[in-house]
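K.L.:
Task: produce atomic coordinates for the following.
(one chain, ligands or ions: 2)
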Amino acid sequence: MSIRINYNLLQFLSIVVQLCAYSIVSIAQTLKPSVIASAGGNSLNSGYSLSYTFGETNTATLSNAGYTLTQGFQQTYKMTLNLKAFLQGYYKNGSMMENVLYTEGITASPGAACDTIQIELRENTSPYSVVSASKQIIQTNGSVTFNGIANAGNAYFIVVKHRNSIETWSTYPVLLTENTYYDFTTAATAAYGNNQIEVEPGIFALYSGDINQDQNADLLDAAILETSIANFDFGYFATDINGDGNVDLLDSPMLEVNVNGFIYSVHP
Ligand SMILES: [Ca+2]
Ligand SMILES: [Ca+2]
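P.N.:
Ligands and ions are numbered 1, 2, ... in the order given. As a prediction, the model looks like this:
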């Protein structure tokens with residue numbers, strides 16, 4: 001009797017061992033990767049770009065205005081956008097603008113810094129959501145570099161905003177590479193709706209005068225300017241339309257012309 005029991009026990013243990021063997025083989029097959037990546041990694045800096053790749057079959061990109069997160073083989077790029085644009089009120093001549101940050105007392109010595117602008121990249125379809133945005137200093141020669149996050153190979157509208165200028169969009173969505181150049185200054189048609197003014201033969205600028213940033217140059221802005229003139233304001237004021245550091249009657253004529261011209265922001 002006891003011999004029979006031991007025999008059954010041995011049989012049972014044998015079956016268990018066989019099952020384990022099959023199980024191990026099965027696991028080994030399951031672990032075989034369907035995608036092989038030689039490496040993975042990440043980088044994190046002021047632009048907030050994070051990427052990782054380790055033989056993953058899943059790919060995903062999540063992004064909002066400030067952050068982009070990618071997983072798997074779909075990669076994002078920290079692209080560089082070189083822009084050139086002029087601001088009507090600050091334009092002097094010879095393709096140069098006033099160094100407003102100096103005249104308005106922000107910087108201690110004269111330099112090539114004109115003023116701060118905001119650049120946005122927007123989706124090329126409605127509702128044209130902001131993909132990436134950043135404030136940068138535009139130089140007196142109109143150049144400004146935007147280091148943002150976007151998928152190279154995609155086309156985005158480029159939007160320029162400034163504290164007393166009319167918000168201006170690129171004519172079309174611009175196909176971005178890792179290094180892209182876009183020049184608003186060479187033609188009115190570089191802006192959506194041809195919405196720029198010729199400040200010198202063949203040189204174009206964003207319209208000035210939207211002091212309250214409601215996308216129109218109108219009597220509301222004129223009233224703000226009038227008050228600012230009456231207050232003898234000087235320094236960093238959006239009412240300093242010509243950027244010479246003082247708010248006075250010299251700032252009125254340009255705004256008046258744009259108000260009479262019913263200038264407003266044109267964009268999709
Ligand atoms: Ca306005
Ligand atoms: Ca002024």
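K.L.:
and residue 103, how many residues sit next to it?
P.N.:
20 (other Cβ atoms under 10 Å). (Glycine included, C-beta is placed from N, CA and C.)
K.L.:
And for the one 3 residues further on?
P.N.:
By the criterion of other Cβ under 10 Å, residue 106 has 14 neighbours.
K.L.:
From residue 102, how far out is the residue nearest to it when sequence neighbours are not counted?
P.N.:
If the residues on either side of it in the chain are set aside, residue 106 comes closest to residue 236, at 5.8 Å by Cβ to Cβ, 6 or more residues apart in numbering. From residue 236 across to residue 102, the span is 11 Å (Cβ to Cβ, to the nearest Å).
K.L.:
circling back: now for the residue nearest to residue 106: which residues touch it?
P.N.:
Counting by Cβ atoms under 8 Å, 6 or more residues apart in numbering, residue 236 makes contact with 104, 105, 106.
K.L.:
pLDDT added to those, as a markdown table?
P.N.:
Listed next are the contacts of residue 236 as a markdown table, based on pLDDT from 0 to 100:
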| residue | pLDDT |
| --- | --- |
| 104 | 98 |
| 105 | 97 |
| 106 | 97 |
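K.L.:
Which of these sits closest to residue 212?
P.N.:
residue 104 (18.5 Å; Cβ to Cβ).
K.L.:
Quick check: phi and psi on that closest one?
P.N.:
With angles defined as degrees, to the nearest 10, residue 104 sits at phi -90, psi 10.
K.L.:
how near is the residue nearest to residue 106 to residue 154?
P.N.:
In terms of Cβ to Cβ, residue 236 sits 36 Å off from residue 154.
K.L.:
cool, and residue 166?
P.N.:
According to Cβ to Cβ, residue 166 stands 26 Å off from residue 154.
K.L.:
can you give me the helices for the stretch 51-200 of the chain?
P.N.:
Listed in chain order, the helices of the stretch 51-200 of the chain (DSSP state H, counting those that start in this stretch) span 100-103.
K.L.:
Low-confidence ranges, it, go.
P.N.:
51-78 (pLDDT under 70).
K.L.:
near ligand 2, which residues of the chain show up?
P.N.:
240, 242, 244, 246, 251 (Cβ under 5 Å from the ion).
K.L.:
contacting residues for the fourth one?
P.N.:
The neighbours of residue 246, taking Cβ under 8 Å, 6+ apart as the test, are 233, 234, 240.
K.L.:
swap in residue 243?
P.N.:
Residues in contact with residue 243 (Cβ under 8 Å, 6+ apart) are 89, 90, 97, 98, 100, 103, 104, 114, 115.
K.L.:
Surely the third one and residue 85 touch.
P.N.:
No. The criterion here is Cβ atoms under 8 Å, and residue 97 misses it with residue 85 at 9.8 Å.
K.L.:
Compare the contacts of residue 246 and tell me which is most surrounded.
P.N.:
Neighbour-wise, the contacts of residue 246 (other Cβ under 10 Å) top out at residue 240, 28 neighbours.
K.L.:
Report the secondary structure element holding that residue.
P.N.:
Residue 240 belongs to no helix or strand when assigned by DSSP states H and E.
K.L.:
now the nearest residue to it once chain neighbours are set aside: how far from ligand 1?
P.N.:
Nearest residue to residue 240, sequence neighbours excluded (Cβ to Cβ, 6+ apart): residue 247, at 5.1 Å. For residue 247, the distance to ligand 1 equals 16 Å [Cβ to the ion, to the nearest Å].
K.L.:
burial of residue 247, as a residue count?
P.N.:
Count around residue 247 with other Cβ under 10 Å applied: 24.
K.L.:
check contacts around it.
P.N.:
Contacts for residue 247 (Cβ under 8 Å, 6+ apart) come out as 225, 228, 229, 231, 232, 233, 234, 237, 239, 240.
K.L.:
Pull the contacting residues for the residue nearest to the first one when sequence neighbours are not counted.
P.N.:
Among residues not flanking residue 225 along the chain, residue 239 sits closest, at 5.0 Å (Cβ to Cβ, 6+ apart). By Cβ under 8 Å, 6+ apart, residue 239 lies in contact with 164, 211, 224, 225, 228, 229, 233, 247, 251.
K.L.:
Pick out the residue in the stretch 51-200 of the chain sitting closest to ligand 1.
P.N.:
residue 166 (8.5 Å; Cβ to the ion).
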